[in-house]
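*Asks:* Here is a sequence with its predicted model. Questions after.
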Amino acid sequence: MWHTSALPDALARAFAAPTTVRVSEFAVARVFLSEKQSPGHAGPYKIALAPYGVGMMDSWLDPDWDEEHWIKSAQAGVTEIALNIVRFIIAHTPTNIAYAVESDAEVRKISRVRLIETLRSIPEIAARLPSNDDDLAAGFLNLRDMVVHFLGSHATGAFENKALGAIFLDELAKHLAKPGSPNTVNLARERFKTLGKGRRKLYTLTKPGEQRGIEYREYMTGTRCKFKLPCPHCGSRQELVFEQLRYEHCRREDGSYDLERVLAETWYECSAQGCRIEHWRKLGMMLAAVELPGYGWERTNFDTGEFAPHPRKRSRHISDLYSMFCTWGELACEWIKAGDDTSAQAAFRIGRLGLWPELQSGSIAEQALRRLTRPLGLLPYRRGTLPFVPWLVSLQCDVQDTYIKFVVGAFNAAGDWFLVDYGMATDFGKLLADVAEKPVALPEGQTQLPQALVIDEGDGKRTDEIRAFVAAADDRFLYGAYTTKGARSKETKNPVWRTDVVLPGGEKKPAYFFRDFLIKRQFYITRMKRLIELLGKHDRGALDEEEREQLNRLPKIWLPVDATEPLFRELSAERLAIVNDREVFLDPETRNDWGDASKQALVIWFMLRPAS
């Protein structure tokens, strides 16, 4: 801790002439990154690694804007750009700062590794740093004339009772507020109410979320600036977009992609004149955009409705198409590898393009589901039977107040799922006696009992009863019995993750939680709805080459030929809609208990799928 008075420093800075140094100039002259902080690019900070960052960094001294909202991709270097602003504030324009990230682990990484170590090498700052890390361990950096607070995003109360001149909300899409509490953006704005315009700055920087959350609205109600580059051939101004990458010429005779060629031969087509732009020209285009008038950051939001730009609020978007850390060929290869897996496509859009997953809406008609009773390459099968020896047979349950709806399903090793049987039990005893002990008939007289049991805990009304039953039934199943539950997690992005639940007796038992929206979307839209669409084209002989490949790769869902109307009705009950620019599953108008039990098939697949 400091024992000398901070007053002389504070007075000296208060009466000092305004700085004439730009943040970007300061970053080049003063910031040195180690190999640990910037693997492969250690040394002085290089504008050439992110030329678009010049305007982003220099925004700190621009008095016309109070807020900057940045939507970024994974390798755009935007966090380092924000940290350069923090370093500049400490060196030249001291004011209290709050830097909030999505987790305590990231707080430690940002504060200790990426920020503090670099501050020690900046002459204007080094002498003002504390001699020990006691304050830093407590979550703040106490300098002679200012404080930097490092906060986990979940600690929304940490903004209270702090005088702040600059707030940075890193990975905003992952910030979670307590139910009924304001989000971190509104809490940050509350801290600025006593400061005049031009004396405060709020920065948010984030990749898009899986759904369109607070980061979407903040970006959409800003200026939506895009970084426009000159074509090196015709000079046309343009934003780099993935749709302009050209790699179709890299297909083999059988229609598949030669990824080595894609990696080496992908080029960019000028959106104005069709000029061929090779990847090696990207850096020159970006540097020209910084130096030449008429290029660089350009406002694109001129809406007058719900998403009209708010006063003094600027927003920007940048993608990995601009990144010097990856090539256009690498991006094309990643997209090709994603194939028709909508989860992989969504991850690519979020991580590489800085875009939200594409919105879809729709439902599945009862009549369309009947096509799933005719599996490709197999004879139709009846309830309680299978035309092959399965990799796994499972019992999946959805528990209601007075009954249990169940589905028996089976996987083959490729991940295709077959609904074998379904029904209702009045209690857990009958479920074990009448269903778990009922074998599935297989070819050549073979049989197979269910090898795993999963039961969704549902709304919590029967949680203790469900957990006690699962614990007692665990030994009855080869792969065990588990409870499952739709939930959210700050610790993982996986659709399914293992955790421990407490049994009524106090002991713990493994369970599996899942992201309900993602599991529903993959089961009903990615797999079932898309399969029905492709099968329709297959039956009409209308599949093109790409669709034929999709049909071959898509994990399929099949139903017994003697399935009844109630099953079709419940499987078609889910409806995906777009509400306020977000995908949501509407509340079903009819019961969907068998649907809820069926979607547990994907939870089981993520739990127990065979090693590839």
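*Replies:* That came through, no problem. Numbers count the residues shown, from 1 in each chain.

*Asks:* Show me where the stretch 101-250 of the chain has its helices.
*Replies:* For the stretch 101-250 of the chain, applying DSSP state H, counting those that start in this stretch gives helices covering 104-108, 117-119, 123-126, 134-137, 184-191, 214-220.

*Asks:* Determine how far the second one lies from the middle of the whole chain.
*Replies:* Here the centre of helix 117-119 is set off from its chain's centre by 30 Å, with Cα atoms, centre = their mean, to the nearest Å.

*Asks:* counting contacts, what elements does it pack onto?
*Replies:* Applying 3 or more Cβ pairs under 8 Å, 6 or more residues apart in numbering; DSSP states H and E, one finds that helix 117-119 contacts helix 78-92. Placement of C-beta: from N, CA and C, glycine included.

*Asks:* Tell me where the chain is predicted with low confidence.
*Replies:* By pLDDT under 70, the low-scoring segments of the chain are 1-19, 132-139, 153-161, 176-182, 193-199, 360-361, 488-493, 580-581, 610-612.

*Asks:* one step back: save the helices of the stretch 101-250 of the chain as a markdown table, and put in mean neighbour count too.
*Replies:* Listed next are the helices of the stretch 101-250 of the chain as a markdown table, based on neighbours: other Cβ atoms under 10 Å:
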| stretch | mean neighbour count |
| --- | --- |
| helix 104-108 | 16 |
| helix 117-119 | 20 |
| helix 123-126 | 12 |
| helix 134-137 | 14 |
| helix 184-191 | 19 |
| helix 214-220 | 21 |
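
*Asks:* The ones you listed: which one's closest to Pro94?
*Replies:* Set against Pro94 and scored by Cβ to Cβ, the helices of the stretch 101-250 of the chain come closest in helix 123-126, at 10.1 Å.

*Asks:* other SSEs contacting the closest one?
*Replies:* Short answer (3+ Cβ pairs under 8 Å, 6+ apart): helix 123-126 packs on helix 78-92.

*Asks:* Just the CA trace of the helix it packs on, in PDB.
*Replies:* C-alpha atoms of helix 78-92 as PDB (Å, rounded to 0.1, in the frame of the first residue of the first chain):
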ATOM      1  CA  VAL A  78     -10.000  -6.800 -29.600                       C
ATOM      2  CA  THR A  79      -9.300  -7.500 -25.900                       C
ATOM      3  CA  GLU A  80      -5.700  -6.300 -26.400                       C
ATOM      4  CA  ILE A  81      -7.100  -3.200 -28.100                       C
ATOM      5  CA  ALA A  82      -9.300  -2.500 -25.000                       C
ATOM      6  CA  LEU A  83      -6.300  -3.100 -22.700                       C
ATOM      7  CA  ASN A  84      -4.300  -0.500 -24.600                       C
ATOM      8  CA  ILE A  85      -7.000   2.000 -23.700                       C
ATOM      9  CA  VAL A  86      -6.700   1.000 -20.000                       C
ATOM     10  CA  ARG A  87      -2.900   1.400 -20.200                       C
ATOM     11  CA  PHE A  88      -3.300   4.800 -21.800                       C
ATOM     12  CA  ILE A  89      -5.800   6.000 -19.200                       C
ATOM     13  CA  ILE A  90      -3.500   5.000 -16.400                       C
ATOM     14  CA  ALA A  91      -0.500   6.700 -18.100                       C
ATOM     15  CA  HIS A  92      -2.100  10.000 -19.400                       C
END
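
*Asks:* if we can go back for a sec, for the helices of the stretch 101-250 of the chain, please prepare a markdown table with the additional fields distance to Ala50.
*Replies:* Output for the helices of the stretch 101-250 of the chain, formatted as a markdown table (distance: least, Cβ to Cβ, whole Å):
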| stretch | distance to Ala50 |
| --- | --- |
| helix 104-108 | 20 |
| helix 117-119 | 16 |
| helix 123-126 | 22 |
| helix 134-137 | 27 |
| helix 184-191 | 25 |
| helix 214-220 | 19 |
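
*Asks:* closest one to Trp70 among these?
*Replies:* Trp70 lies closest to helix 214-220 among the helices of the stretch 101-250 of the chain, at 8.3 Å (Cβ to Cβ).

*Asks:* In PDB, list the C-alpha atoms belonging to the closest one.
*Replies:* The C-alpha trace of helix 214-220 is given here as PDB (Å, rounded to 0.1, in the frame of the first residue of the first chain):
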ATOM      1  CA  ILE A 214     -28.300  -7.800 -24.500                       C
ATOM      2  CA  GLU A 215     -25.200  -7.600 -26.700                       C
ATOM      3  CA  TYR A 216     -27.400  -7.700 -29.800                       C
ATOM      4  CA  ARG A 217     -29.600  -4.800 -28.700                       C
ATOM      5  CA  GLU A 218     -26.700  -2.700 -27.700                       C
ATOM      6  CA  TYR A 219     -25.000  -3.200 -31.000                       C
ATOM      7  CA  MET A 220     -28.200  -2.800 -33.100                       C
END
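
*Asks:* Mind listing what's buried along stretch 446-458?
*Replies:* Using 16 or more other Cβ atoms under 10 Å as the test for burial, stretch 446-458 gives 448, 450-458.

*Asks:* Quick check: end-to-end length of it?
*Replies:* Using Cα to Cα, to the nearest Å, the end-to-end distance of stretch 446-458 comes out at 35 Å.

*Asks:* going forward, begin numbering at 18 instead of 1
*Replies:* Let's use 18 as the start, then, which means that last one is stretch 463-475.

*Asks:* From the chain's centroid, how far away is it?
*Replies:* For stretch 463-475, the distance to the chain centre is 31 Å (Cα atoms, centre = their mean).

*Asks:* Would you enumerate the residues in contact with the residue lying closest to Lys546 once chain neighbours are set aside?
*Replies:* Nearest non-adjacent residue to Lys546, counting by Cβ to Cβ, 6 or more residues apart in numbering: Ile381, 5.4 Å away. For Ile381, the contacting residues are 541, 545-546, 549, 588-589, 591, by Cβ atoms under 8 Å, 6 or more residues apart in numbering.

*Asks:* again, but for Glu323
*Replies:* By Cβ under 8 Å, 6+ apart, Glu323 has no neighbours at all.

*Asks:* what's the answer for Arg206, then?
*Replies:* Leu219.

*Asks:* ok, now how distant is it from Arg217?
*Replies:* Distance, Arg206 to Arg217, by Cβ to Cβ, to the nearest Å: 9 Å.

*Asks:* Also Leu571?
*Replies:* When distance is defined by Cβ to Cβ, Leu571 is 51 Å away from Arg217.

*Asks:* What of Thr283?
*Replies:* Distance, Thr283 to Arg217, using Cβ to Cβ: 44 Å.

*Asks:* Burial check on Arg137, number of neighbours?
*Replies:* Residue neighbour count, defined by other Cβ atoms under 10 Å, stands at 10 for Arg137.

*Asks:* looking at it, it is touching Leu146, isn't it?
*Replies:* Yes - using Cβ atoms under 8 Å, Arg137 is in contact with Leu146, at 6.5 Å.

*Asks:* quick one: which two of the buried residues of stretch 463-475 are the most distant?
*Replies:* Gln465 and Gly475 (27.8 Å).

*Asks:* how many neighbours does the closest residue to Ile353 other than its chain neighbours have?
*Replies:* Spatial nearest neighbour of Ile353, excluding adjacent residues (Cβ to Cβ, 6+ apart): Tyr274 at 5.1 Å. Tyr274: 16 surrounding residues under other Cβ under 10 Å.

*Asks:* For Tyr274, what are phi and psi?
*Replies:* Phi and psi for Tyr274, reported as degrees, to the nearest 10, are phi -90, psi 140.

*Asks:* That one and Arg547, how far apart?
*Replies:* Taking Cβ to Cβ, one finds Tyr274 at 21 Å from Arg547.

*Asks:* Equivalent analysis for Pro225, please.
*Replies:* Counting by Cβ to Cβ - Pro225 and Arg547 are separated by 23 Å.

*Asks:* neighbour-wise, which of those two wins?
*Replies:* When Pro225 is set against Arg547 and neighbours are counted by other Cβ under 10 Å, the residue ahead is Pro225, at 25 against 17.

*Asks:* List the residues that contact Val471.
*Replies:* Applying Cβ under 8 Å, 6+ apart to Val471 gives the contacts 411-414, 498-501, 529, 617, 620-621, 624.
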